[in-house]
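Provided below are the primary sequence and the corresponding predicted coordinates.
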Amino acid sequence: MEKSRDALKILIKGETEAVAMYASFALKAEIEGWYNTAALFTALSEAESIHIKNHLQSLGEDFTPDTQKTEVGSTLENLNAAIEGESEESRRLYPRLIRSIKSELSGEYGKVARLSMTWARKVEKEHARLLKKARKAIKNGRDLPVDKIYLCKVCGNIVFDDPGEVCDVCGHDTQFFKQIKGDE
C-alpha cells in the first residue's frame, strides 16, 4: 500500500497547488474584466478542493503538502498554463499512477482510492475542455459565453448552463450541484 499512499500524496500536492493557482488566476481574470472566465477559475479552484478531500479520504491520514508559489500571467497565459496542467493530469499523471498502484488497489481502501482517482481523471479532462472554450473566446476578444456555472460537490465536475439530472462523472443527482455563477 506504500505506492498507493505515495501516489495519493503526489496528487494531493498537485491539487493543493491548483487550488491556489486557480484562485490567483480568477483574481487576475476579474481585474482584466473577464468575469465569466474568473467564475470558471473560481469553480476550478473549488473543484480541486473536492479532489483533495476525496484523495485525503482515500489516504486515510492527515497530510499537508509543501507547495510552490503560483506564477500569474495574463488571463490568456493563465488559460494556456491551466489547459496544459489539466491535460497532463488527465492524459498522463492519473493513468500512470493508477497503473502503478493497480496491484495495491484492492479491498475497501483500494475501491475508494480507485474511485477518487478515476473521478478526478475524468473531471480534469472536462476541465481542460472548458478552459479551451474560455481561451477561444478570449482570443476572439470576448469573455467566456456562459450564463451559469455549476459544480458537482461530490467529484468536482463543472457544467455550464444546465447540470442535467445527474452528474456525467459520478452519477449523483443535481441536489449535489452548487451554482457558482448565475441567478440563484
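That came through, no problem.

where does the residue lying closest to S58 once chain neighbours are set aside fall, helix, sheet strand or coil?
Leaving aside its sequence neighbours, S58 sits nearest to A113 (C-beta to C-beta, 6 or more residues apart in numbering; 3.9 Å). C-betas here are computed from N, CA, C, even on glycine. Secondary structure assignment for A113 (DSSP: H, G, I helix; E, B strand; the rest coil): helix.

Give me the distance between A113 and L76.
Note on A113: its distance to L76, by C-beta to C-beta, to the nearest Å, is 36 Å.

who has more neighbours, these two?
A113 (28 against 16; other C-beta atoms under 10 Å).

Kindly state the pLDDT recorded for that one?
At A113, the pLDDT value in this model is 78.

go on, K139?
For K139, pLDDT reads 97.

What about it, how many residues nearby?
There are 10 residues near K139, going by other C-beta under 10 Å.

ok, it touching S74?
No - contact criterion C-beta atoms under 8 Å: K139 and S74 do not qualify, at 11.8 Å.

how far is the least confident helix or strand in the chain by mean pLDDT from where the chain is centred?
For the chain, using mean pLDDT, DSSP states H and E, the weakest element among its helices and strands is helix 94-100, scoring a mean of 79. How far helix 94-100 lies from its chain's middle: 17 Å, per C-alpha atoms, centre = their mean, to the nearest Å.

pLDDT below threshold where in this structure?
In the predicted model of the chain, residues 1-2, 101-110, 183-184 satisfy pLDDT under 70.

now the strands for it?
149-152, 158-160, 177-181 (DSSP state E).

so of the ones you listed, which one's packed in deepest?
strand 149-152 (a mean of 24; mean count of other C-beta atoms under 10 Å).

from memory P95 sits against K122, does it?
No - contact criterion C-beta under 8 Å: P95 and K122 do not qualify, at 11.4 Å.

neighbour-wise, which of those two wins?
K122 (18 against 13).

and the residue nearest to that one when sequence neighbours are not counted, how many neighbours?
Leaving out its chain neighbours, the residue that sits closest to K122 by C-beta to C-beta, 6+ apart is V169, at 4.8 Å. Close neighbours of V169, defined as other C-beta under 10 Å, add up to 21.
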